[in-house]
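**Student:** Output the structure for:
(one chain, ligands or ions: 2)
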Amino acid sequence: MDTNTLPPFPDDVPSHPLLVIDYALIKANDEAEKERLWTAGTSLGFWYLKNHGVDSEVQGMFEMGAETMALPMEEKMKYEQGDDGVSFGYKAAGANAVDASGTLDTAQFINVAKDDALAWPQQARRSYPRTVDARMDMTIKPFVEKALDVNMTLIAVFNDKLGLPKDTLAKQHLREEYSGSETRVLYSPPAGKDTQAIGAHTDFGSLSFLHNRLGGLQVFVPGSEDWQYVKPIPGHAICNLGDAMAIFSGGILRSNLHRVVSPPGLQSTHYRFSLVFFTRPGNSIVLRALKEESSMIADAVARAPDAAKYETGATSLEWFTRRIKNQRIKNRTGPETWMASRGTEHTEHTAAGNEIEASA
Ligand SMILES: O=C(O)CCC(=O)C(=O)O
Ligand SMILES: [Fe+2]
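**Tutor:** Ligands and ions are numbered 1, 2, ... in the order given. Just a heads-up that it's a prediction; the model follows:
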(Lines give C-alpha, C1' and ligand atoms only; values in the text may rest on other atoms or scores of the structure.)
(Ligands and ions follow the chains in the order given, each with its own letter.)
Protein backbone atom coordinates (compact mmCIF):
# COMPACT_ATOMS: atom_id res chain seq x y z
CA MET A 1 0.00 0.00 0.00
CA ASP A 2 1.40 3.38 -0.97
CA THR A 3 0.78 5.48 2.12
CA ASN A 4 1.93 8.66 0.35
CA THR A 5 -1.27 8.76 -1.66
CA LEU A 6 -3.57 8.59 1.37
CA PRO A 7 -5.07 11.86 2.61
CA PRO A 8 -4.07 12.84 6.17
CA PHE A 9 -6.39 12.56 9.15
CA PRO A 10 -8.41 15.82 8.98
CA ASP A 11 -7.32 18.67 11.27
CA ASP A 12 -10.87 19.60 12.17
CA VAL A 13 -11.95 16.16 13.44
CA PRO A 14 -11.40 15.68 17.18
CA SER A 15 -9.41 12.69 18.36
CA HIS A 16 -8.55 11.30 21.75
CA PRO A 17 -4.92 11.88 22.79
CA LEU A 18 -2.85 8.89 23.97
CA LEU A 19 0.45 8.78 25.81
CA VAL A 20 3.43 8.17 23.50
CA ILE A 21 5.69 5.45 24.91
CA ASP A 22 9.25 5.23 23.61
CA TYR A 23 10.09 1.56 23.12
CA ALA A 24 13.82 2.32 22.94
CA LEU A 25 13.61 3.75 26.48
CA ILE A 26 11.63 0.72 27.70
CA LYS A 27 14.34 -1.56 26.27
CA ALA A 28 16.92 0.58 28.05
CA ASN A 29 15.03 -0.09 31.30
CA ASP A 30 14.25 3.60 31.82
CA GLU A 31 12.24 3.87 35.05
CA ALA A 32 10.35 7.02 34.07
CA GLU A 33 9.24 5.48 30.77
CA LYS A 34 8.14 2.28 32.49
CA GLU A 35 6.08 4.41 34.86
CA ARG A 36 4.45 6.17 31.89
CA LEU A 37 3.60 2.78 30.39
CA TRP A 38 2.03 1.79 33.70
CA THR A 39 0.00 5.02 33.69
CA ALA A 40 -1.24 4.21 30.17
CA GLY A 41 -2.13 0.62 31.08
CA THR A 42 -3.98 1.57 34.25
CA SER A 43 -5.92 4.46 32.71
CA LEU A 44 -7.38 3.87 29.23
CA GLY A 45 -5.23 0.82 28.42
CA PHE A 46 -4.27 2.35 25.03
CA TRP A 47 -1.01 4.10 24.07
CA TYR A 48 1.16 4.94 21.07
CA LEU A 49 4.48 3.12 20.77
CA LYS A 50 7.36 4.76 18.92
CA ASN A 51 10.83 3.43 18.08
CA HIS A 52 9.52 -0.14 17.97
CA GLY A 53 11.81 -1.05 15.06
CA VAL A 54 9.19 -3.05 13.13
CA ASP A 55 8.50 -0.63 10.22
CA SER A 56 9.87 -2.70 7.35
CA GLU A 57 8.11 -5.88 8.55
CA VAL A 58 4.88 -3.88 8.91
CA GLN A 59 5.19 -2.72 5.29
CA GLY A 60 5.66 -6.34 4.13
CA MET A 61 2.60 -7.41 6.13
CA PHE A 62 0.45 -4.74 4.46
CA GLU A 63 1.64 -6.07 1.09
CA MET A 64 0.74 -9.64 2.12
CA GLY A 65 -2.69 -8.37 3.19
CA ALA A 66 -3.29 -6.59 -0.13
CA GLU A 67 -2.15 -9.66 -2.11
CA THR A 68 -4.49 -11.89 -0.10
CA MET A 69 -7.51 -9.58 -0.33
CA ALA A 70 -7.01 -9.40 -4.13
CA LEU A 71 -7.47 -13.19 -4.49
CA PRO A 72 -10.75 -14.34 -6.05
CA MET A 73 -13.48 -14.65 -3.41
CA GLU A 74 -13.89 -18.32 -4.20
CA GLU A 75 -10.28 -18.95 -3.25
CA LYS A 76 -10.44 -16.89 -0.05
CA MET A 77 -13.59 -18.74 1.01
CA LYS A 78 -11.71 -22.06 1.00
CA TYR A 79 -9.88 -20.72 4.04
CA GLU A 80 -12.82 -19.07 5.84
CA GLN A 81 -12.53 -19.41 9.62
CA GLY A 82 -15.95 -21.05 10.00
CA ASP A 83 -18.54 -20.88 12.77
CA ASP A 84 -16.94 -23.02 15.49
CA GLY A 85 -15.08 -20.24 17.30
CA VAL A 86 -11.69 -20.58 15.62
CA SER A 87 -10.33 -17.28 14.33
CA PHE A 88 -7.40 -18.44 12.20
CA GLY A 89 -7.85 -18.11 8.45
CA TYR A 90 -9.92 -15.75 6.31
CA LYS A 91 -13.02 -13.93 7.59
CA ALA A 92 -15.48 -12.70 4.98
CA ALA A 93 -17.23 -9.34 5.33
CA GLY A 94 -20.66 -9.79 6.88
CA ALA A 95 -19.72 -12.97 8.77
CA ASN A 96 -19.89 -11.21 12.16
CA ALA A 97 -22.51 -9.10 13.92
CA VAL A 98 -21.49 -5.61 15.05
CA ASP A 99 -24.30 -5.15 17.56
CA ALA A 100 -27.10 -6.86 19.47
CA SER A 101 -29.55 -6.46 16.61
CA GLY A 102 -27.36 -8.40 14.21
CA THR A 103 -26.12 -5.63 11.88
CA LEU A 104 -23.39 -7.12 9.67
CA ASP A 105 -19.73 -6.12 9.80
CA THR A 106 -17.91 -4.91 6.68
CA ALA A 107 -14.34 -6.01 7.44
CA GLN A 108 -12.48 -8.88 5.84
CA PHE A 109 -9.61 -10.40 7.85
CA ILE A 110 -6.70 -12.66 7.13
CA ASN A 111 -5.63 -14.12 10.47
CA VAL A 112 -2.44 -16.16 10.74
CA ALA A 113 -1.76 -18.12 13.93
CA LYS A 114 1.52 -17.42 15.71
CA ASP A 115 1.82 -21.22 15.96
CA ASP A 116 1.73 -21.59 12.17
CA ALA A 117 4.21 -18.76 11.60
CA LEU A 118 6.67 -20.28 14.10
CA ALA A 119 6.20 -23.89 12.88
CA TRP A 120 6.57 -23.01 9.18
CA PRO A 121 7.27 -24.93 6.88
CA GLN A 122 5.33 -27.34 9.09
CA GLN A 123 1.62 -26.67 9.55
CA ALA A 124 0.55 -26.33 13.19
CA ARG A 125 -3.07 -25.13 13.23
CA ARG A 126 -4.42 -24.83 9.68
CA SER A 127 -3.64 -24.08 6.01
CA TYR A 128 -3.71 -20.61 4.38
CA PRO A 129 -4.13 -19.00 0.95
CA ARG A 130 -1.06 -19.19 -1.33
CA THR A 131 -0.36 -15.46 -0.83
CA VAL A 132 0.17 -16.19 2.88
CA ASP A 133 2.34 -19.27 2.30
CA ALA A 134 4.46 -17.31 -0.19
CA ARG A 135 5.32 -14.75 2.50
CA MET A 136 5.60 -16.93 5.60
CA ASP A 137 9.40 -17.01 5.55
CA MET A 138 10.09 -13.60 4.14
CA THR A 139 7.44 -11.48 5.86
CA ILE A 140 5.11 -13.15 8.35
CA LYS A 141 7.59 -15.05 10.48
CA PRO A 142 9.92 -12.04 10.92
CA PHE A 143 6.94 -9.82 11.81
CA VAL A 144 5.57 -12.34 14.30
CA GLU A 145 9.00 -12.77 15.93
CA LYS A 146 9.43 -9.02 16.37
CA ALA A 147 5.85 -8.45 17.51
CA LEU A 148 6.17 -11.24 20.09
CA ASP A 149 9.34 -9.64 21.37
CA VAL A 150 7.79 -6.16 21.65
CA ASN A 151 4.65 -7.45 23.36
CA MET A 152 6.48 -9.70 25.81
CA THR A 153 8.84 -6.83 26.70
CA LEU A 154 5.86 -4.60 27.52
CA ILE A 155 4.09 -7.41 29.40
CA ALA A 156 7.22 -7.87 31.55
CA VAL A 157 6.99 -4.22 32.62
CA PHE A 158 3.38 -4.75 33.73
CA ASN A 159 4.44 -7.96 35.50
CA ASP A 160 6.93 -6.08 37.67
CA LYS A 161 4.68 -3.07 38.29
CA LEU A 162 1.90 -5.43 39.44
CA GLY A 163 4.28 -6.83 42.06
CA LEU A 164 4.21 -10.29 40.49
CA PRO A 165 7.23 -12.59 40.84
CA LYS A 166 9.52 -12.30 37.84
CA ASP A 167 8.21 -13.95 34.66
CA THR A 168 4.78 -14.79 36.11
CA LEU A 169 3.02 -13.24 33.11
CA ALA A 170 5.61 -14.68 30.72
CA LYS A 171 4.56 -18.15 31.94
CA GLN A 172 0.98 -17.42 30.90
CA HIS A 173 2.26 -16.73 27.37
CA LEU A 174 4.79 -19.45 26.65
CA ARG A 175 5.98 -19.37 23.08
CA GLU A 176 5.75 -23.17 22.79
CA GLU A 177 2.17 -23.50 24.00
CA TYR A 178 -0.56 -23.31 21.38
CA SER A 179 -2.62 -20.16 21.86
CA GLY A 180 -4.98 -17.78 20.12
CA SER A 181 -2.04 -15.45 19.41
CA GLU A 182 -2.27 -14.35 15.81
CA THR A 183 -1.53 -11.63 13.33
CA ARG A 184 -4.38 -10.02 11.38
CA VAL A 185 -4.64 -7.80 8.34
CA LEU A 186 -8.05 -6.10 8.16
CA TYR A 187 -9.57 -4.67 5.01
CA SER A 188 -12.75 -2.63 4.82
CA PRO A 189 -14.35 -0.75 1.93
CA PRO A 190 -15.36 2.93 1.86
CA ALA A 191 -18.76 3.14 3.51
CA GLY A 192 -21.22 5.57 5.07
CA LYS A 193 -20.31 7.53 8.18
CA ASP A 194 -22.13 5.23 10.59
CA THR A 195 -21.04 1.92 9.09
CA GLN A 196 -19.14 -0.22 11.55
CA ALA A 197 -16.37 -2.31 10.04
CA ILE A 198 -15.95 -3.92 13.50
CA GLY A 199 -18.47 -3.44 16.29
CA ALA A 200 -17.72 -2.31 19.85
CA HIS A 201 -15.47 -4.84 21.57
CA THR A 202 -12.67 -5.33 24.02
CA ASP A 203 -9.77 -7.40 22.75
CA PHE A 204 -9.90 -11.02 23.86
CA GLY A 205 -6.28 -11.60 24.79
CA SER A 206 -3.45 -9.77 26.54
CA LEU A 207 -1.81 -7.15 24.33
CA SER A 208 -2.54 -5.91 20.80
CA PHE A 209 0.13 -4.24 18.66
CA LEU A 210 -1.77 -2.30 15.98
CA HIS A 211 -0.62 -0.42 12.88
CA ASN A 212 -3.01 2.07 11.31
CA ARG A 213 -2.64 4.22 8.20
CA LEU A 214 -6.12 5.69 8.11
CA GLY A 215 -8.42 6.81 10.91
CA GLY A 216 -11.50 4.78 11.78
CA LEU A 217 -10.43 3.27 15.10
CA GLN A 218 -12.50 4.76 17.92
CA VAL A 219 -12.35 4.34 21.69
CA PHE A 220 -15.13 4.77 24.21
CA VAL A 221 -13.45 6.80 26.94
CA PRO A 222 -14.95 6.13 30.39
CA GLY A 223 -17.10 9.02 31.52
CA SER A 224 -17.50 10.46 28.03
CA GLU A 225 -20.69 10.64 26.02
CA ASP A 226 -19.54 9.38 22.68
CA TRP A 227 -16.95 7.49 20.67
CA GLN A 228 -13.69 9.28 19.86
CA TYR A 229 -11.23 8.66 17.04
CA VAL A 230 -7.66 7.61 17.69
CA LYS A 231 -5.54 9.42 15.12
CA PRO A 232 -2.88 7.34 13.35
CA ILE A 233 0.63 8.81 13.68
CA PRO A 234 3.18 7.67 11.06
CA GLY A 235 5.78 5.29 12.52
CA HIS A 236 3.79 4.90 15.77
CA ALA A 237 2.02 1.68 16.65
CA ILE A 238 -1.12 1.79 18.78
CA CYS A 239 -1.03 -0.72 21.64
CA ASN A 240 -3.91 -1.79 23.83
CA LEU A 241 -4.52 -4.25 26.62
CA GLY A 242 -7.14 -6.99 26.34
CA ASP A 243 -9.39 -8.94 28.69
CA ALA A 244 -6.74 -11.39 29.87
CA MET A 245 -4.57 -8.62 31.34
CA ALA A 246 -7.59 -6.96 32.95
CA ILE A 247 -8.50 -10.31 34.56
CA PHE A 248 -4.96 -11.35 35.60
CA SER A 249 -4.54 -7.94 37.29
CA GLY A 250 -7.91 -7.96 39.10
CA GLY A 251 -8.99 -4.93 37.09
CA ILE A 252 -5.90 -2.80 37.77
CA LEU A 253 -5.13 -2.89 34.05
CA ARG A 254 -7.81 -1.82 31.61
CA SER A 255 -9.20 -3.58 28.53
CA ASN A 256 -11.12 -0.74 26.92
CA LEU A 257 -13.97 -0.82 24.43
CA HIS A 258 -13.14 0.17 20.87
CA ARG A 259 -14.56 -0.25 17.38
CA VAL A 260 -13.76 0.53 13.74
CA VAL A 261 -15.94 2.86 11.67
CA SER A 262 -15.33 4.67 8.37
CA PRO A 263 -12.28 6.92 8.38
CA PRO A 264 -13.14 10.63 8.65
CA GLY A 265 -13.21 13.32 5.95
CA LEU A 266 -11.41 12.68 2.66
CA GLN A 267 -10.02 9.45 4.08
CA SER A 268 -13.52 7.95 3.91
CA THR A 269 -13.27 7.37 0.15
CA HIS A 270 -10.33 4.96 0.57
CA TYR A 271 -10.20 1.28 1.33
CA ARG A 272 -8.85 0.83 4.83
CA PHE A 273 -6.09 -1.64 5.71
CA SER A 274 -4.85 -2.18 9.24
CA LEU A 275 -2.53 -4.72 10.85
CA VAL A 276 -2.50 -6.21 14.34
CA PHE A 277 -0.50 -8.74 16.30
CA PHE A 278 -2.50 -10.12 19.21
CA THR A 279 -0.64 -11.77 22.09
CA ARG A 280 -3.04 -14.11 23.92
CA PRO A 281 -2.41 -16.49 26.83
CA GLY A 282 -1.67 -20.16 26.22
CA ASN A 283 -4.79 -22.23 25.56
CA SER A 284 -4.66 -24.03 28.93
CA ILE A 285 -4.29 -20.89 31.07
CA VAL A 286 -7.26 -20.26 33.35
CA LEU A 287 -8.36 -16.64 33.24
CA ARG A 288 -8.40 -15.46 36.84
CA ALA A 289 -6.83 -12.74 38.98
CA LEU A 290 -3.30 -13.70 40.06
CA LYS A 291 -4.08 -12.69 43.63
CA GLU A 292 -2.03 -15.39 45.36
CA GLU A 293 1.06 -14.00 43.67
CA SER A 294 0.64 -10.28 44.26
CA SER A 295 -0.77 -8.46 47.27
CA MET A 296 -1.57 -5.51 45.01
CA ILE A 297 -3.82 -7.74 42.90
CA ALA A 298 -5.32 -9.38 46.01
CA ASP A 299 -6.19 -5.93 47.38
CA ALA A 300 -7.74 -4.85 44.08
CA VAL A 301 -9.96 -7.93 43.98
CA ALA A 302 -10.92 -7.46 47.65
CA ARG A 303 -12.06 -3.90 46.89
CA ALA A 304 -13.81 -4.72 43.60
CA PRO A 305 -17.63 -4.52 43.72
CA ASP A 306 -17.83 -7.24 41.08
CA ALA A 307 -14.96 -9.53 42.15
CA ALA A 308 -16.60 -12.57 40.52
CA LYS A 309 -15.62 -11.23 37.14
CA TYR A 310 -11.99 -11.99 38.00
CA GLU A 311 -12.74 -15.73 38.49
CA THR A 312 -14.03 -16.58 35.04
CA GLY A 313 -13.70 -20.35 35.42
CA ALA A 314 -12.71 -20.37 31.75
CA THR A 315 -9.44 -21.22 30.09
CA SER A 316 -8.04 -18.79 27.58
CA LEU A 317 -9.14 -21.16 24.81
CA GLU A 318 -12.70 -21.31 26.18
CA TRP A 319 -12.92 -17.54 26.62
CA PHE A 320 -11.64 -16.92 23.13
CA THR A 321 -13.83 -19.57 21.50
CA ARG A 322 -16.97 -18.24 23.22
CA ARG A 323 -16.30 -14.69 22.08
CA ILE A 324 -15.45 -15.56 18.46
CA LYS A 325 -18.27 -18.04 18.06
CA ASN A 326 -21.01 -15.77 19.36
CA GLN A 327 -20.00 -12.94 17.04
CA ARG A 328 -20.64 -15.14 14.00
CA ILE A 329 -23.91 -14.20 12.36
CA LYS A 330 -24.66 -17.81 11.48
CA ASN A 331 -24.76 -18.65 15.20
CA ARG A 332 -27.13 -15.80 16.02
CA THR A 333 -30.44 -16.69 17.64
CA GLY A 334 -31.16 -13.17 18.96
CA PRO A 335 -29.62 -10.39 21.11
CA GLU A 336 -28.51 -13.05 23.62
CA THR A 337 -25.91 -14.29 21.12
CA TRP A 338 -24.29 -10.85 21.02
CA MET A 339 -24.37 -10.71 24.83
CA ALA A 340 -22.66 -14.09 24.96
CA SER A 341 -19.82 -12.69 22.80
CA ARG A 342 -18.97 -9.92 25.25
CA GLY A 343 -15.75 -9.41 27.23
CA THR A 344 -14.72 -7.66 30.43
CA GLU A 345 -15.95 -4.08 30.01
CA HIS A 346 -19.33 -4.64 28.49
CA THR A 347 -21.40 -3.59 31.50
CA GLU A 348 -19.96 -0.09 31.82
CA HIS A 349 -20.94 1.58 28.61
CA THR A 350 -24.68 1.80 28.27
CA ALA A 351 -24.23 5.10 26.44
CA ALA A 352 -22.18 3.37 23.75
CA GLY A 353 -24.86 2.51 21.27
CA ASN A 354 -25.76 -1.12 21.50
CA GLU A 355 -23.94 -2.11 24.63
CA ILE A 356 -26.10 -4.30 26.80
CA GLU A 357 -25.92 -4.91 30.53
CA ALA A 358 -25.19 -8.55 31.04
CA SER A 359 -22.85 -10.87 32.75
CA ALA A 360 -21.05 -13.40 30.64
O1 LIG B 1 -8.30 -1.80 12.66
C2 LIG B 1 -8.19 -1.26 13.75
O3 LIG B 1 -7.83 -0.08 13.89
C4 LIG B 1 -8.53 -2.02 15.02
C5 LIG B 1 -8.81 -3.47 14.81
C6 LIG B 1 -9.31 -4.15 16.04
O7 LIG B 1 -9.75 -3.55 17.00
C8 LIG B 1 -9.27 -5.64 16.13
O9 LIG B 1 -9.01 -6.29 15.10
O10 LIG B 1 -9.50 -6.16 17.24
FE1 LIG C 1 -9.75 -4.78 18.76
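**Student:** Please enumerate the strands of the stretch 151-300 of the chain.
**Tutor:** If DSSP state E, counting those that start in this stretch is used as the criterion, the strands of the stretch 151-300 of the chain fall at 182-188, 196-201, 207-212, 217-220, 227-229, 237-241, 258-261, 272-279, 286-288.
**Student:** give me the number of residues near the nearest residue to N283 once chain neighbours are set aside?
**Tutor:** Residue nearest to N283 in three dimensions, not counting chain neighbours: L317, with 3.9 Å by Cβ to Cβ, 6 or more residues apart in numbering. C-betas here are computed from N, CA, C, even on glycine. By other Cβ atoms under 10 Å, the residues close to L317 number 18.
**Student:** Ligand 1 contacts on the stretch 151-300 of the chain?
**Tutor:** For the stretch 151-300 of the chain, the contact set with ligand 1 under Cβ under 6 Å from any ligand atom comprises 184, 186, 198, 203, 210, 212, 217, 258, 260, 274, 276.
**Student:** What's the local residue count around the second one?
**Tutor:** Taking other Cβ under 10 Å as the neighbour definition, L186 ends up with a count of 23.
**Student:** quick one: contacts for it?
**Tutor:** Counting by Cβ atoms under 8 Å, 6 or more residues apart in numbering, L186 makes contact with 65, 107-109, 197-198, 260, 272-276.
**Student:** Could you rerun that using 6 Å?
**Tutor:** By Cβ atoms under 6 Å, 6 or more residues apart in numbering, L186 lies in contact with 107, 109, 274.
**Student:** what about it, distance to K34?
**Tutor:** In this structure, L186 and K34 are separated by 30 Å, where distance is defined by Cβ to Cβ, to the nearest Å.
**Student:** got it, and A119?
**Tutor:** According to Cβ to Cβ, A119 and K34 sit 33 Å apart.
**Student:** More neighbours: the two, which one.
**Tutor:** When A119 is set against K34 and neighbours are counted by other Cβ under 10 Å, the residue ahead is K34, at 19 against 15.
**Student:** name the element the more buried one belongs to?
**Tutor:** Under the assignment given by DSSP states H and E, the secondary-structure element containing K34 is helix 31-42.
**Student:** and that helix, how far from the chain's centre?
**Tutor:** Average the C-alpha atoms of helix 31-42, do the same for its chain, and the two points are 20 Å apart (Cα atoms, centre = their mean, to the nearest Å).
**Student:** who's in contact with that helix?
**Tutor:** In this structure, residues lying in contact with helix 31-42 by Cβ under 6 Å, 6+ apart are 19, 21-22, 25-26, 47, 157-158, 161, 241, 252-253.
**Student:** which of those count as buried?
**Tutor:** If you count burial by 16 or more other Cβ atoms under 10 Å, the buried members of the contacts of helix 31-42 come out as 21-22, 25-26, 47, 157-158, 161, 241, 252-253.
**Student:** Export the residues you listed as CSV, with columns for pLDDT.
**Tutor:** What follows is those, written out as CSV (pLDDT from 0 to 100):
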residue, pLDDT
I21, 98
D22, 98
L25, 98
I26, 98
W47, 98
V157, 99
F158, 99
K161, 98
L241, 98
I252, 98
L253, 98
